[in-house]
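*Asks:* Everything below, folded, please.
(one chain, ligands or ions: 2)
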Amino acid sequence: MSNRPRFSVVAPIYNEEGNIQPLYERIRDVMDSTGESWELIAVNDGSRDNSLPLLLSLAQQDKRVKVINFARNFGHQVAVTAGIDFAQGDAVVLIDADLQDPPEVILDLIAKWREGYEVVYAVREERQGETWFKKFTAGVFYRLIYRITDIDIPLDTGDFRLMDRKVVQVLRQMREHNRFIRGMTSWVGFRQTGVRYVRHARYWGETKYPLGKMIRFALDAITGFSYFPLQIIGHVSLVMAFLAILAGIVISLLRLTQGPEFFGGQATTIVLLLLLSSFQLFFLYVLGQYVARIYDDVRHRPLYVVASTTGFDESELAIDSPTPPIEMQSQSGEMS
Ligand code: UDP
Ligand code: MG
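*Replies:* Numbering: from 1, shown residues only. Ligands and ions are numbered 1, 2, ... in the order given. Sure, this is the predicted structure:
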């Protein structure tokens, strides 16, 4: 297929000057061993150290290295997105630049891709060289996301993964601003599988994900893939209504048996307060349901993703199906 490379490797770079040379060398050795063509797309996410000049000189020496240089720091997920947008390969690999994800694992990802999987994610078996706090927060984070989101996001996977071009093309249509890429790739569908690996310590430098950024990231994940926080308002409202009714009954009974003065005026206030709060929460819940639907619409995610079609003429498909990308249409009938 023309001069598109077979594989694209995308690495986001934010102040990683000490990692760039070893990262390049290890990726080069691994990718050369596949015997196929490849490109390395480094996205410089507004680094303030020497990362950019280092990347540019690599790009001069080796034409397979390409650099996207952001005007400022836009964040990890956006940097990865730019790499995905520019990647030309039949399969695109996302990898962190700090060598926590060993490039050698890419070979395992490729092997699974060759078996026919469209998404192969790398699952962390253990994490080396990270503080207990990072491990703990990451552990809680993944388990929470796993529980409350609508889609099936595998436990303990980061962005280290391989995606087929078909998946990449759907991702390119998902232009939502608060991005949680591992959720988005899972949302797309197709055949997905995991490969286990040991996550190493950072080769050089410090994490660019302090607690504040982690919390924001978790919020993006939850709001991007779950209406749980909006749903819960409805539950709280129900509980309050139940308590109001219960309190009403109990107080009435007590007053009937113990005399009308029992509990004084307080009791009526409590019951009314519970009832009113319940009403208010209920209407907040209703409002939330509308907001959720607006949110669904403004994100402009594709309504559906077609893996293959059977029995259509090529010409019919070209006219009538706006959503699936052109390239997927040409594979009609492949799977049946
Ligand atoms: N990164 C980025 N922009 C940012 C923060 C991080 O491009 O604003 C890159 C960073 O250079 C690295 C990857 O994202 O390649 C993962 O970051 P990091 O290793 O600091 O995260 P951790 O592994 O600690 O979760
Ligand atoms: Mg890291």
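
*Asks:* Please make it C-alpha for all contacts and neighbour counts, starting now.
*Replies:* OK.

*Asks:* low pLDDT regions in this structure?
*Replies:* Along the chain, segments meeting pLDDT under 70 span 1-2, 316-336.

*Asks:* which bits of it sit near ligand 1?
*Replies:* Residues of the chain lying close to ligand 1 by CA under 6 Å from any ligand atom are 12-14, 16, 45, 73, 75-76, 79, 96-98, 207-209.

*Asks:* Tell me which two in those are the farthest apart.
*Replies:* N73 and D98 (17.1 Å; CA to CA).

*Asks:* Pull out the buried members of the residues of the chain next to ligand 1.
*Replies:* P12, I13, Y14, E16, D45, N73, G75, H76, A79, D96, A97, D98 (16 or more other CA atoms under 10 Å).

*Asks:* just checking, which of those belong to strands?
*Replies:* P12, I13 (DSSP state E).

*Asks:* what's the helix or strand containing I249 packed up against?
*Replies:* Using DSSP states H and E, I249 sits in helix 228-258. Here helix 228-258 touches helix 266-298, going by 3 or more CA pairs under 8 Å, 6 or more residues apart in numbering; DSSP states H and E.

*Asks:* Okay, angle between the helix it packs on and helix 228-258 too, please.
*Replies:* With axes from the mean of the first three to the mean of the last three CA atoms, to 10 degrees applied, the angle from helix 266-298 to helix 228-258 works out at 160 degrees.

*Asks:* Show me which residues of helix 266-298 are buried.
*Replies:* Buried, per 16+ other CA under 10 Å, within helix 266-298: 271, 274-279, 281-282, 284-286, 288-289, 292.

*Asks:* Ligand 1: which of these is nearest?
*Replies:* Nearest to ligand 1 among the buried residues of helix 266-298 is A292, at 28.3 Å by CA to the nearest ligand atom.

*Asks:* From Q231, how far out is the closest one?
*Replies:* In this view, A292 and Q231 are 10 Å apart by CA to CA, to the nearest Å.

*Asks:* returning to that earlier point: so which of the residues of the chain next to ligand 1 are in helices?
*Replies:* If you go by DSSP state H, those have H76, A79 in helices.

*Asks:* Show the end-to-end separation of stretch 167-182, please.
*Replies:* 12 Å.

*Asks:* quick one: the helices in the chain?
*Replies:* For the chain, helices defined by DSSP H occupy the ranges 17-32, 51-61, 76-86, 105-114, 132-148, 165-173, 181-188, 211-225, 228-258, 266-298, 314-320, 326-329.

*Asks:* Quick one: those as TSV, columns for distance to G194 too.
*Replies:* Compiled in TSV, the helices of the chain are given as follows (distance: least, CA to CA, whole Å):
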stretch	distance to G194
helix 17-32	19
helix 51-61	31
helix 76-86	20
helix 105-114	8
helix 132-148	16
helix 165-173	16
helix 181-188	12
helix 211-225	20
helix 228-258	27
helix 266-298	29
helix 314-320	33
helix 326-329	24
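
*Asks:* Please identify which of the ones you listed is closest to N69.
*Replies:* helix 51-61 (7.7 Å).

*Asks:* what comes up buried for that closest one?
*Replies:* In helix 51-61, counting by 16+ other CA under 10 Å, buried: S51, L52, L55, L56, L58, A59.

*Asks:* Can you give the contact residues for that helix?
*Replies:* The set of residues external to helix 51-61 that reach it, using CA atoms under 8 Å, 6 or more residues apart in numbering, is 13-17, 20-21, 42, 44, 65-67, 69.

*Asks:* hmm, who's touching stretch 144-154?
*Replies:* So stretch 144-154 is contacted by L155, R182, G183, S186, W187, A218, A221, I222, F225, S226, Y227, F228 (CA under 8 Å, 6+ apart).

*Asks:* okay, among these, which ones form the most distant pair?
*Replies:* L155 and Y227 (19.8 Å).

*Asks:* hmm, which of the contacts of helix 51-61 are the buried ones?
*Replies:* Buried members of the contacts of helix 51-61, counted by 16+ other CA under 10 Å: I13, Y14, N15, E16, E17, I20, A42, N44, V65, K66, V67, N69.

*Asks:* for the closest residue in space to the last one that isn't next to it in sequence, what are its contacts?
*Replies:* In other words, N69. For N69, ignoring the flanking residues on the chain, the nearest one in space by CA to CA, 6 or more residues apart in numbering is N44 at 4.8 Å. Residues counted as contacts of N44 (CA under 8 Å, 6+ apart) are P12, I13, Y14, S51, L52, V67, I68, N69, F70, A79.
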